[in-house]
Structure formats: C-alpha cells, structure tokens
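> Here's a sequence, model it:
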Amino acid sequence: MQLLPGHIMGNSDLTSASNVQVRTLVHNNTSAFGASVVMDGMPMSNNATLSQGPFSATAFTGTDLRQVSADDIEEVEVVRGIPSAEYGDLTSGLVVVHSKIGVTPWQFKGKVNPGLMNFSLGKGLNLRKAGVLNFNFDYAQAWGDPRQKTRSFHRYTGSVGYGYDITPRWHTQTKLRFLSARDWTGQDPDAIQDGTESKNTNTTFSVNHNGKIDVNRLLARTIGYTIGVTSTWTDNCTTSYVSNSTGLLPILTTLIHYMTTGAIGNTNETRNRGIEFDFDCGKITAINTSFFVSGAYSETKTWSTDQNSSSVKASLLPASYSSYGTTPFKIIYPSAVDYTRYRRFVTTLRAVTNIPVLRMVASFTAQAIWHNSTWSYTADKNPIGWIDTDLVRHELTDDMLNGYIGMDARYYDTAPVGQACVSVQDLLVRVSDNEPTKSPITWNTSFRLTKELGKVGALSLYVNNMLFYEPYLSGNNSNTLTQRNTGTFSFGAELSLNL
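Below you'll find the predicted structure:
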C-alpha cells in the first residue's frame, strides 16, 4: 500500500491494528466503514462488532489488515476513486484481493527481522478433470519492541481453495479459511509480574463460493455471483493490580451530579481533496534501471455539526462546584465553526535496477515530506444559550450578553443578590493564537536487494531508513528540538523456496 501516491513510508507493526487510508489523512466517525477490503468477492466486514475491531477492545475504523496473510495473495487491486455500488458500505476507497487458487509448486517463505517472524507453506495441485486444489498455511509472531516485549501478536492462518469448471462457460472457485489471532499487552517477561495484562483473541472460520457464467448476450455477457458465510469468536480480557496502602478499596461518592442529553446520528463531516501524480519515467538501458515518480498534495478537513455545549470554567464557579468538577448549567455555542485541517505534500522516487548476470534486482526508494501541518482552528464565539439541570434549553440573544446567569440557572440583567453568578461576558470565547502546527521537511530512504537462487527460490535483504536519518528539528510554533522520523529504521531478510 505504500506504493500508492502520497502514502508515507514506514515499518509494518503487527502489534497494532492496521487499516487502509485512501485519499484521506485521518479517519473519524464520518468514515467509520473505512476502506473496504474484498477478499475473493466477499467483503471482510466488521459490521457485527460495531463498537470494536476484530482484535481490539477499542473502537477501530475499517478492516484490520492483519487478518490477511500476504503470502496467500495472488493479486491486489486498489480503487482510489468511487467504485461500483456492488461493493457495499465503504467510505474511503476499495481494495480487491485475489488469493492463490492455481497450480503452484511447493513454496516455503520466511521473513525475519528484529520485531517479526513470519513463515508460510503453500502448494497448488492439478487434479486434472477434477479441478485445482490450492492450500496455504501461515504463522506470524511480532513484538512491538524486541528490547522490551510488552506487546506481542500471534497469528495462525490456513486456507484451502478449490477451482472447478462445471462447463466450459461456468467457472467456480471455493475457498475455506481459518484464522486464529491473539493480541497481548502486559509486563516485560524480565520484569516483576503483577498480573497486569490485556489479551484479545480472535477465531474466525469463513467459506465463500463465487462463480462466473459466460452467457454472451447483448445486455449480459457474464453473470457473476458470490456466496459466503463468516463466523467469528472474539474474547477480550483485561486484568490489573490495584495497590492501596490501607488495604481497603476507596468508595467514591458524588455529592453533586449533572446530566445532559444528546442526539443519535452522525454529526461529523469530512472533506477530502488533493492532487495525485504517478509517472513511469521509463528505463535507462545503459544502466538497466527504471525510474518511477509519484506524490500527492492532500487536505482533509473535519468538523462537527452536533450541539456545541460545554461546562462553565471552574475559575468562574464557587468552590461548591469547582471542587467537585461539576457545573450548574451548560453553555451552548454555535456549531460547525471550529474545525481541524490536515495538509500534506509528499513525493516519492523509486529506482529499480535489474542485474541479469548476477540474477539480482535492486530497488531504491527516496521519499520527501515537503509539507505536513495540522490546524485545530477555534473561532471566536458568543454563547447562544444554556441548558439547566432539568435539561431545558434557554436561548441567549445578543441583547442579553451584558447580563448574568445565577447558580439557579436563571438569567439576570444585573448581578443577583444573595447567590453567586457568572457574567455572560466571561463566557465569550476569544482566541488569540490560531496558527497551524507545521513540521519541518523530512525525508526517508529504503533499499532492497533480491537474489534469485535459480529455480529454487529467492533471497531478499532490505533496510528501511537506511541512512538512519532521525534529526532533532524544531517546529514553527516552538524552538524546542524534537526528534523526527523516529521508528522508521528496520532491517530484515526474506527467503522464498520452491520445493
């Protein structure tokens, strides 16, 4: 996915949920479905777990790509624009994945780096008139940091595919899949174990059947269909050790409480726009090297149209309220005037060199992030109303801005006698600093070398952030030096054998 224009180079981390972002810089509730991933005609949906992703007890946007074994993929198609309605609930692009189903030799693949081990074994059998049978088994284990193994991920996957031509015009494919995955977060094995850990396990069985019938009619040349069933079992468990010097657990009592109301619906709005380019610059025959240049200027703007209400500042309230963090009424401000805007401009250069004499392929990638900014814009606002403890809304007009609101949630033209009050003028929002936060220009490089081992297989060596460029740079709003480009350095090897 990092080959898509505008995508940032980085390391894959299986210990955290990973999704696809297509033509957007941020995911929020507006794009709750995320980019749709269609595997052999069947969407990999998480609609059954609306409040969480497959491996996480927290909310997650889109489909977790860790469910897919890369070694079982034959072809990937990415639709960056608006795809056909046949692909269903998607809000951020489409990824169509075709798994292996044809005849292949025994293939063993292994990937090893300091934070990951991944092994797979597959084979495609020709059953002659009975069709084609293909199977693949995969195991992956990852750590967030090999120095402190406080996060880990384990995955077992298996798939069996069967292809058969019922008639010369009717081609069918059937795929059976199994997935068992576990996310774990806890204490380092070398540390004192106090029972604090979080464990999320996921077991999935799925079967899908799709076919194509060539009818060769005027309005229907091909009829395609897909039938599938998926069953998922998810278990999330979190344990923690609570220490208390007295040996007794405290009992919290709230003396003053406040309740508010809300509305059901999607009140978030997102606007994505930008320019993408992707050029094949051709090949320089003298050095047998091909060059590719891609990039994108992207902007994502998000805002909310929901009721904009907030509590009164504690500094304006008497101690009976501020001490307990409560408020006698809620202040209502205009909606959809505050927003967050993200902008980024990225260019990527790839050079691929073939060395036929040595049976080697070398690829070099350089990427520059010329602009990367975030602007959390807060507008100047006057209050337009308030909500009392009975959840009754009261309007606040412009001619009432010089008045007061008492602790009884009533409006007064002058400060009331005998009770504390809040001046409406103190509730006005005036912002003096509205500058976007810009990151300095950073760049990254990676290198990959693949050596063909005859008909036996291939060996690849790779390194990301090969120059270990992690400078200390300051931003536009502060002179404080912050280390940039961290977490991008990694190296490893991949071995592929045809048995």
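> Please name the strands paired to the helix or strand hosting residue 138 in the sheet, noting orientation.
Under the criterion of DSSP states H and E, residue 138 resides in strand 132-143. As defined by DSSP bridges, the strand partners of strand 132-143 come to strand 116-126 (antiparallel), strand 151-167 (antiparallel).
> Now render the ones you listed as CSV, adding distance to residue 275 and mean neighbour count.
(Glycine included, C-beta is placed from N, CA and C.) Below are these laid out as CSV (distance: least, C-beta to C-beta, whole Å; neighbours: other C-beta atoms under 10 Å):
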stretch, distance to residue 275, mean neighbour count
strand 116-126, 35, 17
strand 151-167, 36, 17
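> Of all the ones you listed, which one comes closest to residue 437?
Within the strands paired with strand 132-143, the stretch nearest residue 437 is strand 151-167; the backing value is 28.4 Å (C-beta to C-beta).
> Can you give the distance from the closest one to the centre of its chain?
24 Å (C-alpha atoms, centre = their mean, to the nearest Å).
> now do stretch 466-481
Centroid displacement of stretch 466-481 relative to its chain, using C-alpha atoms, centre = their mean, is 25 Å.
> Can you list the buried residues in it?
residue 466 (16 or more other C-beta atoms under 10 Å).
> Quick check: end-to-end length of it?
23 Å (C-alpha to C-alpha, to the nearest Å).
> quick one: contacts of it?
Applying C-beta atoms under 8 Å, 6 or more residues apart in numbering, the contact partners of stretch 466-481 are 435-440, 442-447, 482-486, 488-489.
> that older thread, now render the strands paired with strand 132-143 as TSV, adding distance to residue 224 and mean pLDDT.
TSV is the format used below for the strands paired with strand 132-143 (distance: least, C-beta to C-beta, whole Å; pLDDT from 0 to 100):
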stretch	distance to residue 224	mean pLDDT
strand 116-126	23	94
strand 151-167	14	93
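> Turn these into JSON lines, columns for distance to residue 103.
JSON lines is the format used below for the strands paired with strand 132-143 (distance: least, C-beta to C-beta, whole Å):
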{"stretch": "strand 116-126", "distance to residue 103": "4"}
{"stretch": "strand 151-167", "distance to residue 103": "9"}
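> Of those strands, which is nearest residue 107?
Minimum separation from residue 107 across the strands paired with strand 132-143 (C-beta to C-beta) falls at strand 116-126, 5.0 Å.
> Was I right to think residue 334 contacts residue 380?
No: Residue 334 is beyond contact range of residue 380, at 10.3 Å (criterion: C-beta atoms under 8 Å).
> Give me the nearest residue to residue 96, chain neighbours excluded.
Sequence neighbours aside, residue 77 is the residue nearest to residue 96 in space, at 4.2 Å (criterion: C-beta to C-beta, 6 or more residues apart in numbering).
> Can you read off the backbone torsions of the residue lying farthest from the centre of the chain?
Each residue of the chain has a distance to the centre, and by C-alpha atoms, centre = their mean the biggest one is for residue 417: 55.2 Å. Backbone torsions of residue 417, given as degrees, to the nearest 10, read phi -100, psi 130.
> So for it, what's the pLDDT?
Here, the pLDDT recorded for residue 417 equals 90.
> still on that earlier bit, going through the contacts of stretch 466-481, which ones are buried?
Buried members of the contacts of stretch 466-481, scored by 16+ other C-beta under 10 Å, are 439, 442-447, 484-485, 488-489.
> Among those, give me the pair with the biggest separation.
Pairwise distances across those peak at 24.6 Å for 439 and 447 (criterion: C-beta to C-beta).
> For the nearest residue to residue 273 once chain neighbours are set aside, list the residues it contacts.
The shortest distance from residue 273 to any non-neighbouring residue, by C-beta to C-beta, 6+ apart, is to residue 299 (5.5 Å). Taking C-beta under 8 Å, 6+ apart as the criterion, residue 299 is in contact with 25, 272-274, 341-343.
> Which parts of the stretch 201-350 of the chain are helices?
Residue ranges of the helices in the stretch 201-350 of the chain, as given by DSSP state H, counting those that start in this stretch, are 319-322.
> Low-confidence stretches in it?
242-265 (pLDDT under 70).
> now the strands for it?
For the stretch 201-350 of the chain, the strands defined by DSSP state E, counting those that start in this stretch cover 222-239, 268-284, 289-304, 308-311, 330-333, 339-355.
> and whatever helix or strand comes next after the last one, what's its mean pLDDT?
It stands for strand 339-355. Along the chain past strand 339-355, the next helix or strand (assigned with DSSP H and E) turns out to be strand 360-377. In this model, strand 360-377 has an average pLDDT of 95.
> Sheet-wise, list the partners of strand 360-377 with their directions.
Partners of strand 360-377 in its sheet, by DSSP bridges: strand 339-355 (antiparallel), strand 437-439 (antiparallel), strand 442-452 (antiparallel).
> which residues are contacting that strand?
Here strand 360-377 has contacts from 8-9, 297, 338-355, 434-439, 441-452, using C-beta under 8 Å, 6+ apart.
> Go through the strand holding residue 138 and flag the buried ones.
By neighbour count on 16+ other C-beta under 10 Å, the buried set for strand 132-143 is 132-138, 140, 142-143.
> Parallel or antiparallel, list what pairs with the one helix or strand residue 177 maps to.
Using DSSP H and E, the element containing residue 177 is strand 170-186. In the sheet, strand 170-186 lines up against strand 151-167 (antiparallel), strand 197-214 (antiparallel) (DSSP bridges).
> Now do the contacts for residue 447.
The neighbours of residue 447, taking C-beta under 8 Å, 6+ apart as the test, are 362-365, 462-463, 466.
> for residue 41, same thing?
Counting by C-beta under 8 Å, 6+ apart, the residues that residue 41 touches are 208, 210, 224, 226, 228.
> give me that answer again for 6 Å
Residue 41 is in contact with 210, 226, counting by C-beta atoms under 6 Å, 6 or more residues apart in numbering.
> And it, how far from residue 70?
Using C-beta to C-beta, to the nearest Å, residue 41 is found at 19 Å from residue 70.
> Then residue 105?
Residue 105 is 19 Å from residue 70, by C-beta to C-beta.
> Of those two, which one has the most company?
residue 70 (15 against 12; other C-beta atoms under 10 Å).
> chain center to stretch 166-182, what's the gap?
The answer for stretch 166-182 is 28 Å, by C-alpha atoms, centre = their mean.
> which parts of it are buried?
Neighbour-count burial for stretch 166-182 flags 171-175, 177, 179, 181-182 (criterion: 16+ other C-beta under 10 Å).
> Next, give me the two most distant ones among these.
Maximum pairwise distance among the buried residues of stretch 166-182 (C-beta to C-beta): 37.3 Å, between 171 and 182.
> Count the neighbours of the residue nearest to residue 96 for me.
Residue 77 has 11 nearby residues by other C-beta under 10 Å.
> How about the one 5 residues further on?
For residue 82, the tally of surrounding residues (other C-beta under 10 Å) stands at 9.
> Then it would be within a strand, right?
No: assessed with DSSP: H, G, I helix; E, B strand; the rest coil, residue 82 is coil; it does not lie in a strand.
> Quick one: neighbours of residue 291, just the number.
Residue 291: 14 neighbours (other C-beta under 10 Å).
> how close does the closest residue to it other than its chain neighbours sit to residue 440?
Leaving aside its chain neighbours, residue 291 sits nearest to residue 281 (4.1 Å; criterion: C-beta to C-beta, 6+ apart). According to C-beta to C-beta, residue 281 stands 28 Å off from residue 440.
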